[in-house]
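J.: Structure, please.
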Amino acid sequence: MEDQIVSIIKDIYKKSRLSSKRVVAALPSFSVFSSVISLPNMNKKDLAKAVQWEAKKFIPLPLEEMTLDWKIVPEKAPIKPIVVKGKTLASEKPAGNVGAPDTGPSESETGQSFFNKFLNRSKYKSAASAGVALKNNLKVLLTAAPKKIVERYIRIFRAAELELVSLETEAFALERALAGNDPTPIMIIDIGAVSANISISENNIPILTRSIDVGGASITKAIMTSLKVDIERAEQFKRDIGFSAVGPGGLPDTVKSAISPIINEIKYSIDIYLAQNPAQNKIEKIILTGGSAFLPELVNYLSKLLDMKVVIGDPWDRVVYPLELKPVLSELGPRLAVAVGLAMREI
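T.: The predicted structure follows:
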């Protein structure tokens, strides 16, 4: 399987005619555990121990099997989030001092040692290690990924003869691409083919993320079963009709019932966020992305049902491109939002 992935990556790289071999990749949301925990104010040594202890309560796997990262959530200024980094930024080096380049993970490095090297070198160290303290309890963003997955990414890109510069989560990439510099509470819903990922960002940091195994394919399958048609016709029906009113009955019950688990998860996520953040009385807006974001009338349906502002995200909003490409890029935008966010990683 890995050999096939390596072959595909090499083929794409060759056909794209890229000159750079630097790569930024994302871990899928369903493979990453993320939670915001509240801890009393304490010194950095005690805080590190407390985080390790609390992590055992939130991560359902042994910590020795996980790559763990944590950062204090700032009250205002955001912390740039990374899961794995193996390249020192040029801006970190003194002017005029080129120095020896960091070649990424060595042959003997594991995902955890590569990860630890990032924590030690990065200018985005944990706020605790920089001596940051808040007046009240500390809000700590805890992120963990299985070491096996991290090490697999490292192996694949090394075999593809590419330099893995950074490895982060899809939620951070989407926030960067779609929310920009908006510090207000925003929900991003990424509806793909087989799953939907929901994240709520505050001060440009995704502090709540959830995944559900329902996506566009679930709607297609429900239509196939209800209308007794093949997958091609069901897919066409979904894209042509979507959430548009059909006859006197209005919204097709089949489509409505298929997406109801996502609606319930959205409401549940909002309730969790507001309960954990009593100072916030609302989420400002919902940004839709993913391959199913363009289903007809989905934006209006969600807006009326949730009584919130809902928009389709535009990852090209801060990207300069020829105007003649706008129709194509507008259609591809929701599908490429993660990739665009990753490309913006060091901009």
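
J.: So which residues of the stretch 101-250 of the chain form strands?
T.: For the stretch 101-250 of the chain, the strands defined by DSSP state E, counting those that start in this stretch cover 138-146, 163-169, 186-191, 196-202, 205-212.

J.: What angle do strand 163-169 and the helix or strand where Thr67 lies make with each other?
T.: Thr67 belongs to strand 66-72 when assigned by DSSP states H and E. Taking axes from the mean of the first three to the mean of the last three C-alpha atoms, to 10 degrees, one finds strand 66-72 and strand 163-169 inclined to each other by 70 degrees.

J.: Neighbouring strands of strand 66-72 in the sheet, and parallel or not?
T.: Here strand 66-72 is paired, per DSSP bridges, with strand 138-146 (antiparallel).

J.: ok, residues contacting the partner strand?
T.: 27, 31-42, 47, 51, 54-55, 58-59, 61, 63, 65-73, 81, 83, 169, 205, 207 (C-beta atoms under 8 Å, 6 or more residues apart in numbering). Quick note: C-beta positions are derived from backbone N, CA and C, even for glycine.

J.: Average pLDDT for that strand, rounded please.
T.: On average, the pLDDT along strand 138-146 is 87.

J.: That strand to strand 205-212, inter-axis angle?
T.: Interaxial angle of strand 138-146 relative to strand 205-212 (the same axes, to 10 degrees): 50 degrees.

J.: what distance separates strand 138-146 from the centre of its chain?
T.: Here strand 138-146 is found 14 Å from its chain centre; the criterion is C-alpha atoms, centre = their mean, to the nearest Å.

J.: roughly how far apart are Asn137 and Asn43?
T.: Per C-beta to C-beta, to the nearest Å, Asn137 is found 15 Å from Asn43.

J.: Adding mean neighbour count and distance to Pro334, write the strands of the stretch 101-250 of the chain out as TSV.
T.: Conversion of the strands of the stretch 101-250 of the chain to TSV gives the following (neighbours: other C-beta atoms under 10 Å; distance: least, C-beta to C-beta, whole Å):
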stretch	mean neighbour count	distance to Pro334
strand 138-146	21	25
strand 163-169	23	18
strand 186-191	25	8
strand 196-202	25	13
strand 205-212	21	17
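
J.: Out of the ones you listed, flag the one nearest Met344.
T.: Distance to Met344, taken as C-beta to C-beta, is lowest for strand 163-169 among the strands of the stretch 101-250 of the chain, at 11.4 Å.

J.: Return the list of helices and strands in contact with the closest one.
T.: The contact analysis (3 or more C-beta pairs under 8 Å, 6 or more residues apart in numbering; DSSP states H and E) places strand 163-169 against strand 22-27, strand 84-85, helix 147-159.

J.: so which of the ones you listed gets nearest Glu2?
T.: Closest approach to Glu2 among these is made by helix 147-159 (5.8 Å; C-beta to C-beta).

J.: and that closest one, which residues are buried?
T.: Lys147, Ile149, Val150, Glu151, Tyr153, Ile154, Arg155, Ile156, Phe157, Arg158 (16 or more other C-beta atoms under 10 Å).

J.: which among the contacts of strand 138-146 end up buried?
T.: Taking 16+ other C-beta under 10 Å as the criterion, what is buried in these is 27, 32-37, 39, 47, 51, 54-55, 59, 66-73, 81, 83, 169, 205, 207.

J.: center of the chain - which residue?
T.: Centroid-nearest residue in the chain, with C-alpha atoms, centre = their mean: Ala171, separated by 1.6 Å.

J.: Redo the buried residues of helix 147-159 as JSON lines? Include distance to Phe294.
T.: Shown next, in JSON lines, are those (distance: C-beta to C-beta, whole Å):
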{"residue": "Lys147", "distance to Phe294": "37"}
{"residue": "Ile149", "distance to Phe294": "30"}
{"residue": "Val150", "distance to Phe294": "33"}
{"residue": "Glu151", "distance to Phe294": "36"}
{"residue": "Tyr153", "distance to Phe294": "30"}
{"residue": "Ile154", "distance to Phe294": "35"}
{"residue": "Arg155", "distance to Phe294": "36"}
{"residue": "Ile156", "distance to Phe294": "31"}
{"residue": "Phe157", "distance to Phe294": "31"}
{"residue": "Arg158", "distance to Phe294": "37"}
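
J.: Closest one of those to Ile8?
T.: Closest to Ile8, out of all of the buried residues of helix 147-159 and judged by C-beta to C-beta, is Ile156, at 10.1 Å.

J.: Quick one: residues contacting Lys238.
T.: Lys238 neighbours (C-beta under 8 Å, 6+ apart): Gly216, Ile219, Thr220, Ile223, Val255, Leu295.
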